[in-house]
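Trainee: Here is the input, now give the coordinates:
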Amino acid sequence: MLNNIIFMGTPEFAVPTLELLSKTKYKPILCITQPDRPKGRKKRLLPPAIKIKALELNIPLIQPENINSRESIAEIQKTNPDIIVTVAYGGYLKREIRRLPEFGCINLHPSLLPKYRGSAPVNYALFNNEKFTGNTIFKIFAEMDAGPIIYQRKIRIKENECFSELTDRLSKMGAEDVLKVLEKIENNDYELIKQDDSKATFSRKIEKQDLLLDWSLSSEKIRNRVRGLAERPGVVASFRSKRIKIIETEIMQNESISKPGTVIDIIKNAGIVVATVDSDLLLKKVQPEGKKIMNAYAFYIGALIRTGEKFTNGF
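Mentor: Model prediction:
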């Protein structure tokens, strides 16, 4: 029986799983999340999404700086856990913790492992214009994201689905998947499937330079980059020496004949047409610095943009 469940998670992606488990007999007896961190321009100390949800659900919570410290392990031992469920916790669990629960530790990862191990699987699936992705729940072993698979769900990525939309869909499906896996484990109705390491690919952490738009790329690569980072954090370009995020684009049929980044046309109620190294690109949604996301045509009207002006690389 899985009576004592510990849940470990940190960002918004983990919230649907915690919410769903809390409505079932698998309600966690302890939540572990990362400490509050300074965020935003004013560097205000803000709590992780899981802290807010755990407090709302009256679930005991700890926020250790080091999950593998003696103090943290002692806190976990007190609960006599049957299983530890992790969803985007953001920390490595050493052997001593992995061996504490009778049924071990399991993790929800939003990719079809062994593809896209690492911290940014959803971004990279869209960067590479994958047609399918999914969720994998696996048993945590020493090597990151390489443990044996318990359950996997494959889904088709929608034509214009962006990072925020796909992440939201996977997180909600992931909650159902974790619940299903806990039932399987409790009923001893599962088998562990070894990952084929020869087919493993990796998605490294998104860094600041990954957010900067490069107009020397093809229209397809720019579109994929925009989809893989929209709506948040968003790809950053420059216009009139100010930062502007490109949120949604569409590749046009026309071959570009102007320098990349040049505004070559305005389409009423649709957006701003910009040249790239191959095909023209329609900017459909943008987020000017200090403003909310808006239709690119509305931005054109407000900024009185003229053809021949240029978008340049982000900074």
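
Trainee: From now on I want contacts and neighbour counts done on CA atoms only, so please keep to that.
Mentor: Fine.

Trainee: So in that sheet, which strands flank the longest strand along the chain, and in what orientation?
Mentor: In terms of residue count, the longest strand belonging to the chain (DSSP state E) is strand 242-255. Strand 242-255 pairs in its sheet with strand 235-239 (antiparallel), strand 279-288 (antiparallel), by DSSP bridges.

Trainee: Can you name every helix or strand that the helix or strand just after the last one contacts?
Mentor: This points to strand 279-288. Once the chain leaves strand 279-288, the next helix or strand it forms, by DSSP states H and E, is strand 294-295. Packing contacts for strand 294-295, counted by 3 or more CA pairs under 8 Å, 6 or more residues apart in numbering; DSSP states H and E, involve strand 279-288.

Trainee: Check the offset of the strand it packs on from the chain's centre.
Mentor: 23 Å (CA atoms, centre = their mean, to the nearest Å).

Trainee: now could you export just the CA positions of it as CSV?
Mentor: This file holds the C-alpha atoms of strand 279-288, laid out as CSV (Å, rounded to 0.1, in the frame of the first residue of the first chain):
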residue,chain,number,x,y,z
SER,A,279,11.1,33.2,-47.1
ASP,A,280,9.2,36.2,-45.9
LEU,A,281,7.9,35.9,-42.3
LEU,A,282,4.6,37.3,-41.0
LEU,A,283,4.9,38.6,-37.4
LYS,A,284,1.5,38.0,-36.0
LYS,A,285,2.0,38.7,-32.2
VAL,A,286,4.7,40.7,-30.5
GLN,A,287,5.4,42.1,-27.0
PRO,A,288,7.1,45.5,-27.1
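
Trainee: which residues sit against it?
Mentor: Defining contact as CA atoms under 8 Å, 6 or more residues apart in numbering, one finds that strand 279-288 is touched by 218-219, 243-256, 270-275, 293-297, 299.

Trainee: can you put the strands paired with strand 242-255 in CSV and add mean pLDDT, mean neighbour count and distance to F202?
Mentor: Shown next, in CSV, are those (pLDDT from 0 to 100; neighbours: other CA atoms under 10 Å; distance: least, CA to CA, whole Å):
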stretch, mean pLDDT, mean neighbour count, distance to F202
strand 235-239, 97, 24, 21
strand 279-288, 97, 24, 29
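
Trainee: and those strands as JSON lines, adding distance to E65?
Mentor: What follows is these, written out as JSON lines (distance: least, CA to CA, whole Å):
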{"stretch": "strand 235-239", "distance to E65": "31"}
{"stretch": "strand 279-288", "distance to E65": "35"}
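
Trainee: I'd like to know which of the ones you listed is closest to I185.
Mentor: strand 235-239 (41.4 Å; CA to CA).

Trainee: check contacts around F103.
Mentor: 82-83.

Trainee: do the same with R306
Mentor: Going by CA under 8 Å, 6+ apart, R306 touches V263.

Trainee: now Q152
Mentor: 112, 134-137.

Trainee: which secondary structure element contains it?
Mentor: Using DSSP H and E, Q152 falls within strand 149-156.

Trainee: Go through that strand and flag the buried ones.
Mentor: With burial defined by 16 or more other CA atoms under 10 Å, the residues of strand 149-156 counted as buried are 149-153.

Trainee: Which elements pack onto the next helix or strand after that strand?
Mentor: Once strand 149-156 ends, the next helix or strand along the chain (criterion: DSSP H and E) is helix 163-186. Contacts defined by 3+ CA pairs under 8 Å, 6+ apart place helix 163-186 against helix 15-22, helix 121-127, strand 132-139, strand 149-156, helix 219-229.

Trainee: Pretty sure V87 sits against E12.
Mentor: No. Counting by CA atoms under 8 Å, V87 does not reach E12; the two are 10.1 Å apart.

Trainee: Tell me which of those two has more neighbours.
Mentor: More neighbours surround V87 than the other of V87 and E12, with 25 against 15 (other CA atoms under 10 Å).

Trainee: For the more buried one, which non-adjacent residue is spatially closest?
Mentor: Distance criterion CA to CA, 6 or more residues apart in numbering; nearest residue to V87, sequence neighbours excluded, is G9 at 4.9 Å.

Trainee: With I266 as the reference, measure out to the one you found.
Mentor: Noted for G9: a distance of 45 Å to I266, by CA to CA, to the nearest Å.
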